[in-house]
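> would you be able to build a 3D model of this:
(2 chains)
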Amino acid sequence: MKKKLKKYALPLSIVSCILIIYLCTLTGITAISFVDANKILLNQIFHINVGMENISEGATAIIWNVRLPRVVLAFLTGGALALCGAAYQGIFKNPMADPYILGVSSGAALGAAIGIVMNLSSSFLGLNGIALLAFAGAFLTILLVYNISRVGRKVPVATLLLSGIAIGQSLGAFMSLLMLFNNESMNQIIFWIMGSLNGKGWNQVIVVLPYVIIGCIIMLTSVRELDIMLLGEETATQLGVDTEALKKKILFSSSLITAAVVAVTGIIGFVGLIVPHIVRMVTGPKHRTLVPFSLLFGGAFLILCDTISRTLMSQEIPVGIITAAFGGPFFVYLLRKRKQGGV
Amino acid sequence: MERLMPRIMLDFKDVVSGYGEKNILQGFNATICQGEFVGLIGPNGTGKSTLLKCLSGLLPVKSGVITLEEKDNTSYTQRERAQKIAVVPQSFDIDYDFTVEDIVLMGRNPYLSYRTKESQNDYTIVTEAMRATKTLSFRKRLYNNLSGGEKQRVIIARAIAQEPDIILLDEPTSALDIHHQIEVMELIRNLNLKKSMTVVAVLHDINLAARYCNRLILMKDGRVIVDGTPKDVITEENLKKVYEMKMFIQENKLFGKPEIIPLRVIKESEDYRSLRIHVICGGNKASQVLEELEAMGHQVTAGVINQGSDDWDICDVLGIPMIEESPFTAISCEKQAENLAVMAKSDLILISDLPFGHGNINNLFGLENLKGEIYFHRNCLNNDFTEGQLKKQLEVIKKKKTVNEISDHQEFIKMIRELTLIEEK
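Numbers count the residues shown, from 1 in each chain, chains lettered A, B, ... in the order given. Okay, the predicted model is just below:
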């Protein structure tokens, strides 16, 4: 029974994710009937005309151009963050690691804040100026942190974590300063930092998608080496892993993915920290299962949180608040349960 | 031909290495051939583990060359090196829930590229490795739930799965109890003998090293002091150069290997007022009392002792002056007189726990005329083979002097301690 469950776990999860995407697309504040919504989806995806006469163009736009891309983006964002979190926790051998630990979030926030203050609204390749600056900020930060901690060919993990935190803090200070002198932009900056998927469309999905796909491929081809890294760097070296190359590979691919996601959505916390832990409790520490399930579970988790954030009240709640509010207690519950089980 | 010309697996030439500015290894030289079981021994901080780190590619060599199977060690990639060298650390903990099989399977990593999945062949090798280490029965259990000995066997299984030519062990038994120490060492010896794997092991336990290794390298300050068979290396002279302590080396008759008995490092002498104490001994029970008296800094003498007895051995090692008699001979009048002369100068005379017979009863003759206080171990009366002569002699002494009777050597030591302790003011 257990073995069978294991075998079908992945296809079942994929089906569940598609189901969640489907159901959450149907859910929203604007009342669109179940039948109509299905008709719109069938029409748009499979180009089957199933009597679109009674459906307003507004409803089509809401389902196809607002809700569906938003749900898909939520899936990609959540999945990408969880994936990066899993990889970071692996190479840093540290349960506190999340995609933002090396200061990527602070770099992105400073970039975004500069964009907001300068009132940039021009856009390029589906990204507006604010997002571009956020992406640049995130990526420059990781380069800085990496080069600060580099000793010759090697990058000691402890130094990396500490310089990530130090750089993150100082960038945060700059941003506070910026907010202090630009009172009128303060609200917008704070809102950006809290992270939201509001108003995102297919353009953003297309921007994020390649990073997530490439990231997945890199992670999935490194699963065995990531497992061995959990035994410590010395042991990994003695088992034939080129630890420095692996660190570099994971570090840069994760940072790129995170930078892309953060630039589009702002800083959505908690997913990248908690989801890998939850998945690990269920599947065990092996990355061959941890990586794909983190992607799926992270994606599904963020879709659900985002659906709550846009339907709970008439005013939208930033999704970062929802992830923390629901994820935290759920995680504590799992920790307690595990403790009692004595695993 | 192969037997005449053993294949050279490892060659160290003037290897210097260390951490930061500090050099730990300071010109290490050795050549290790296929099938050898080499033990690296020496005090802490002499560079034994550093040497293993250089070899397994964790630490760069500052100068000198390590040659691994005819090629410079630095020319190997980590993956290539892992196919030739496997490392078994002291003990090994993981924070994650891997099963035993997962851990052993990791040993196959050097042979797998990122694209290939583990093949049937890999699983066969892993199963064989687990069978050889008797870990197969718990292959689905979590590594973290195993005992120390079981964990170490799993790590050895992982090393076997690597199919290495050389296996490096860094104090593989220091976290284990006696049973598991022997178990692990036998496992490694089997690998050495059956698969002719070359073994290089850092060992702290010299007796374990002498027993299992066929070659020992004694190191100090990053250099080789002696290199040879256990018999050549484990000598008092060699070990004294390296370990600052008193020790005692004897041949272990069971294994025919030398065995070390460490005695004492720090002398307590400064804390005690020195007395002249003569111990009448010659059996096998006085070694501890002799050693403790000597350590307190008293001027200990002993006699008359037959050469080759256990008490004679200990006096010899500690350098206690003694009156000796040839093995298995009755004490001659000359020796007895000599002994009496020594005792005449003593403050205290201890008749230790030893059997008395006609051959050594004359040790007690003339004691009644000495100035020193006399202590007598009561147990002598239980090992009396003199047909009453011992009792008579005691009566003779008791007529002129007090004989303080003790029933335990420790009682005497305690009394001496209290008597001679210099109190700090």
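> can we go C-alpha only for contacts and neighbour counts from here?
Fine.
> the residue of chain B found nearest chain A sits in which helix or strand?
Among residues of chain B, the one nearest chain A by Cα to the nearest Cα turns out to be B:Arg79. It sits 3.9 Å away. Following DSSP states H and E, one finds B:Arg79 within helix B:78-84.
> would you agree A:Ile267 falls within a strand?
No. Looking at A:Ile267 with DSSP: H, G, I helix; E, B strand; the rest coil, it is coil, so not inside a strand.
> so what's it closest to, chain neighbours aside?
With Cα to Cα, 6 or more residues apart in numbering or on different chains as the measure, A:Gly195 is the residue that lies nearest to A:Ile267, at 4.6 Å, once sequence neighbours are left out.
> residues contacting stretch B:284-293, please?
If you take Cα atoms under 8 Å, 6 or more residues apart in numbering or on different chains as the criterion, stretch B:284-293 is touched by B:279, B:300, B:309-311, B:314-315, B:318, B:352-354, B:409-410, B:413.
> kindly report the same for stretch A:318-331.
Contacts made with stretch A:318-331 from outside it, assessed by Cα under 8 Å, 6+ apart, are listed as A:191, A:194-197, A:267-271, A:274, A:278, A:302, A:305-306, A:308-309.
> show me which residues of the stretch 201-343 of chain A sit near chain B.
Within reach of chain B by Cα under 8 Å from any Cα of the partner chain, the stretch 201-343 of chain A has these residues: A:221-222, A:224-225, A:228, A:230-231, A:234, A:237-242, A:284-286.
> what subset of those residues is buried?
The neighbour-count test (16 or more other Cα atoms under 10 Å in any protein chain shown) marks A:222, A:224-225, A:228, A:230-231, A:237-242, A:284-286 as buried among these.
> next, the buried residues of stretch B:120-133.
Buried residues in stretch B:120-133, defined by neighbour count with 16+ other Cα under 10 Å: B:Asp122, B:Tyr123, B:Ile125, B:Val126, B:Thr127, B:Glu128, B:Ala129, B:Met130, B:Ala132, B:Thr133.
> actually stretch B:273-286, sorry about that
Counting neighbours by 16+ other Cα under 10 Å, one finds that the buried residues in stretch B:273-286 are B:274-286.
> which residue is the nearest non-sequential neighbour of A:Gly266?
Nearest one to A:Gly266, counting by Cα to Cα, 6+ apart, is A:Gly195 at 4.1 Å.
> picking that back up, among the contacts of stretch A:318-331, the buried ones, what's the ChimeraX command?
In ChimeraX, this line selects whichever of the contacts of stretch A:318-331 come out buried by 16+ other Cα under 10 Å:
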select /A:194,195,196,197,267,268,269,270,271,274,278,302,305,306,308,309
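> how about the strands in chain A?
A:123-124, A:127-128 (DSSP state E).
> likewise the stretch 51-200 of chain B?
For the stretch 51-200 of chain B, applying DSSP state E, counting those that start in this stretch gives strands covering B:63-68, B:71-72, B:85-88, B:166-170, B:198-202.
> now render those as JSON lines, adding distance to chain A and mean pLDDT.
Compiled in JSON lines, the strands of the stretch 51-200 of chain B are given as follows (distance: least, Cα to the nearest Cα, whole Å; pLDDT from 0 to 100):
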{"stretch": "strand B:63-68", "distance to chain A": "15", "mean pLDDT": "94"}
{"stretch": "strand B:71-72", "distance to chain A": "17", "mean pLDDT": "93"}
{"stretch": "strand B:85-88", "distance to chain A": "7", "mean pLDDT": "94"}
{"stretch": "strand B:166-170", "distance to chain A": "11", "mean pLDDT": "94"}
{"stretch": "strand B:198-202", "distance to chain A": "15", "mean pLDDT": "95"}
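> now do the residue nearest to A:Gly266, the pLDDT please.
pLDDT for A:Gly195: 85.
> tell me how far it lies from B:Thr235.
Taken as Cα to Cα, to the nearest Å, the spacing of A:Gly195 relative to B:Thr235 amounts to 73 Å.
> ok, back up a step: which ones among the buried ones among the residues of the stretch 201-343 of chain A next to chain B are found in helices?
Using DSSP state H, A:Arg224, A:Glu225, A:Ile228, A:Thr237, A:Gln238 are the members of these that sit in helices.
> pick out whichever of those residues sits closest to B:Ser346.
Distance from B:Ser346 was checked for each of those by Cα to Cα. The minimum falls on A:Gln238, at 63.8 Å.
> for the closest residue to chain B within the stretch 101-250 of chain A, which non-adjacent residue is closest in space?
Of all residues in the stretch 101-250 of chain A, A:Gly240 sits closest to chain B, at 3.9 Å by Cα to the nearest Cα. Once flanking residues are discounted, A:Gly240 sits nearest to B:Arg79: 3.9 Å by Cα to Cα, 6+ apart.
> the one you found: neighbouring residues, count only.
For B:Arg79, the neighbour count with other Cα atoms under 10 Å in any protein chain shown is 19.
> check B:Gly359 too.
What B:Gly359 shows, counting by other Cα under 10 Å, is a neighbour count of 14.
> that one - that's part of a strand, no?
No. Inclusion of B:Gly359 in a strand is not indicated when three-state DSSP is applied; the result is coil.
> which residues of the stretch 201-350 of chain B fall in helices?
Along the stretch 201-350 of chain B, counting by DSSP state H, counting those that start in this stretch, helices occupy B:206-212, B:230-233, B:236-242, B:287-295, B:310-318, B:333-344.
> check the stretch 51-200 of chain A too.
Counting by DSSP H, counting those that start in this stretch, the helices of the stretch 51-200 of chain A are A:57-60, A:68-92, A:104-117, A:129-149, A:157-181, A:186-194.
> pLDDT score for residue 267?
The chain I'm using is chain A. 88.
> my question was about chain B, not that one.
60.
> and if you look at A:Gly137?
At A:Gly137, the pLDDT value in this model is 91.
> tell me, how many residues neighbour it?
By the criterion of other Cα under 10 Å, A:Gly137 has 25 neighbours.
> that one: what's it in contact with?
Under the criterion of Cα under 8 Å, 6+ apart, the contact partners of A:Gly137 comprise A:Val104, A:Gly107, A:Ala108, A:Ala109, A:Leu110, A:Gly111, A:Ala112.
> before we move on, the earlier item: save the helices of the stretch 201-350 of chain B as a markdown table, and put in mean neighbour count and mean pLDDT too.
Output for the helices of the stretch 201-350 of chain B, formatted as a markdown table (neighbours: other Cα atoms under 10 Å in any protein chain shown; pLDDT from 0 to 100):
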| stretch | mean neighbour count | mean pLDDT |
| --- | --- | --- |
| helix B:206-212 | 20 | 92 |
| helix B:230-233 | 18 | 91 |
| helix B:236-242 | 14 | 84 |
| helix B:287-295 | 19 | 86 |
| helix B:310-318 | 19 | 85 |
| helix B:333-344 | 17 | 90 |
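> in chain A, where is pLDDT below threshold?
Across chain A, the ranges flagged by pLDDT under 70 are A:1-4, A:121-127, A:338-343.
> from the centroid of it, which residue is nearest?
Residue closest to the mean C-alpha point of chain A, counted by Cα atoms, centre = their mean, is A:Leu81 at 2.8 Å.
> hmm, A:Leu256 and that one touching each other?
No. Because the distance of 11.2 Å does not satisfy Cα atoms under 8 Å, A:Leu81 is recorded as not touching A:Leu256.
> contact residues of chain B facing chain A?
Near chain A, when you scan chain B using Cα under 8 Å from any Cα, you find B:56-58, B:78-83, B:85-87, B:93-98, B:106-107, B:109-110, B:114-115.
> is it true that B:Ala155 touches B:Asp93?
Just to correct that, residue B:155 is Ile rather than Ala. No. B:Ile155 is beyond contact range of B:Asp93, at 10.5 Å (criterion: Cα under 8 Å).
> more neighbours: which of those two?
More neighbours surround B:Ile155 than the other of B:Ile155 and B:Asp93, with 23 against 11 (other Cα under 10 Å).
> ok, for B:Asp14, nearest residue in space, not its chain neighbours?
Taking Cα to Cα, 6+ apart as the measure, B:Asp14 lies nearest to B:Gly27, with 4.0 Å between them; neighbours along the chain are not counted.
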